[in-house]
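Student: With the sequence up front, the predicted model follows.
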Amino acid sequence: MPKALWYVEPGMAELRDERVAPGPDEACVRAHFGAISRGTEALVFAGRVPPTEYVRMRGPHMGGVFPFPVKYGYAIVGKVETGPPHLHGRLVFALHPHQDVFAVPTDAFAPLPDGLPPQRAVLAANMETALNAVWDGAPGPADRIAVIGAGVVGALVAFLCAQVPGAEVTLVDIDPTRATLARALGVAFAPPAGAPKDCDLVFHASGAASGLATALELAGDRETGERYRNERRRRHQAPAGQSTQLLFDPGADRAHVGFALGLRFDDAHDFAHVLDRGGPGGGDRLGDQGIDFGLAQLRGQVGLQ
């Protein structure tokens, strides 16, 4: 019988049997890879989801109710085993909790573009978050841009901003070893004390109050910095220091996820473990679906499909 990961109390999880019975408009998917968020999912695991956010934080196909027990997660890559003939054997990305076999409506997942490694495709949820942040920030040519926090989302935001012609992008983090990641992404690196001032655009992705303070300090236009901060707080209210962890909307539009999957990276620049499992903001993989995942180095040419 298929197994699913359930969070049952603060700091404790267990595997539970799950019955899977695909309906007429559903496909059965066997998970190959899955990512665990060190932000949103860590809050769920620790039982730190505020009661005011119980509805907002529900994920697609989530089981149970907050605070516990809950079947939670939103980054699974698997292969379609049963369903419409044209989907048989296709690798797909689904916003689904951690489960080795599951059934979902055929319009609830996105097929992977040809050539995209499935273990890298678990970053689609993170890329969708980064895309939303970049769309909100609207970077322009020749902008001076700082990204505070070199975790997964911050790294992806920096990567996307670096595609803007003439943009000067600096990834800012308290961990000096993240300079290697910044070089791989093709952006500058600086510790908070050495970060460029008077930036045209600043993204806060550290999940720490001190990071937010740094972001406001680097913003050249205080009004712009305040507007972006307030808009984020309005859309994704969170406990102090946890704003970026709640940036991912579990109800994200499928078209956005499909677009995110299309932002592929050149395999020639694909080095494992640049974002290692121990680093702040990194991600882990869960067995064959996941644990112990070294995130791929992300630099390369962006191709839209």
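Tutor: Everything's here; your move. Numbering: from 1, shown residues only.
Student: Give the buried residues for stretch 122-135.
Tutor: 122-134 (16 or more other CB atoms under 10 Å). Glycine gets a C-beta too; all of them are placed from N, C-alpha and C.
Student: for stretch 47-60, same thing?
Tutor: For stretch 47-60, burial by neighbour count (16+ other CB under 10 Å) applies to 49-50, 53, 56-60.
Student: which residues sit in contact with the nearest residue to residue 200 once chain neighbours are set aside?
Tutor: The spatially closest residue to residue 200, leaving aside those adjacent along the chain, is residue 143, at 4.2 Å (CB to CB, 6 or more residues apart in numbering). Residue 143 makes contacts with 161, 164, 166-168, 199-201, as judged by CB atoms under 8 Å, 6 or more residues apart in numbering.
Student: Out of the buried residues of stretch 47-60, flag the one nearest to residue 36.
Tutor: Taking CB to CB as the measure, residue 36 sits nearest to residue 59 out of the buried residues of stretch 47-60, at 12.8 Å.
Student: Please identify the helix or strand for the residue lying closest to residue 189 once chain neighbours are set aside.
Tutor: Excluding its sequence neighbours, the residue lying closest to residue 189 (CB to CB, 6+ apart) is residue 182, at 3.5 Å. Using DSSP states H and E, residue 182 maps to helix 178-185.
Student: Against which helices or strands is that helix packed?
Tutor: Contact partners of helix 178-185 among helices and strands, from 3 or more CB pairs under 8 Å, 6 or more residues apart in numbering; DSSP states H and E: helix 152-161, strand 168-172, strand 188-190, strand 272-275.
Student: Could I get the CA-only coordinates of the first one as CSV?
Tutor: Listed in CSV are the C-alpha atoms of helix 152-161, where the atom choice follows Å, rounded to 0.1, in the frame of the first residue of the first chain:
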residue,chain,number,x,y,z
VAL,A,152,17.1,28.7,-2.7
VAL,A,153,14.6,31.5,-3.3
GLY,A,154,17.1,34.2,-3.0
ALA,A,155,19.5,32.5,-5.4
LEU,A,156,16.7,32.0,-8.0
VAL,A,157,15.7,35.6,-7.6
ALA,A,158,19.3,36.7,-8.2
PHE,A,159,19.6,34.4,-11.2
LEU,A,160,16.4,35.8,-12.8
CYS,A,161,17.4,39.4,-12.2
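Student: which pair in the buried residues of stretch 47-60 spans the largest distance?
Tutor: Within the buried residues of stretch 47-60, two members stand farthest from each other by CB to CB: 50 and 60, at 20.4 Å.
Student: Low-confidence ranges, the chain, go.
Tutor: Across the chain, the ranges flagged by pLDDT under 70 are 220-305.
Student: Which parts of it belong to which domain?
Tutor: Domain assignment for the chain by automatic domain parsing gives 3-122, 125-246.
Student: so which of these is the most packed in?
Tutor: Among the domains of the chain, domain 125-246 has the highest mean neighbour count (mean count of other CB atoms under 10 Å), at a mean of 20.
Student: Could you give the separation of that domain from the chain centroid?
Tutor: Centroid displacement of domain 125-246 relative to its chain, using CA atoms, centre = their mean, to the nearest Å, is 14 Å.
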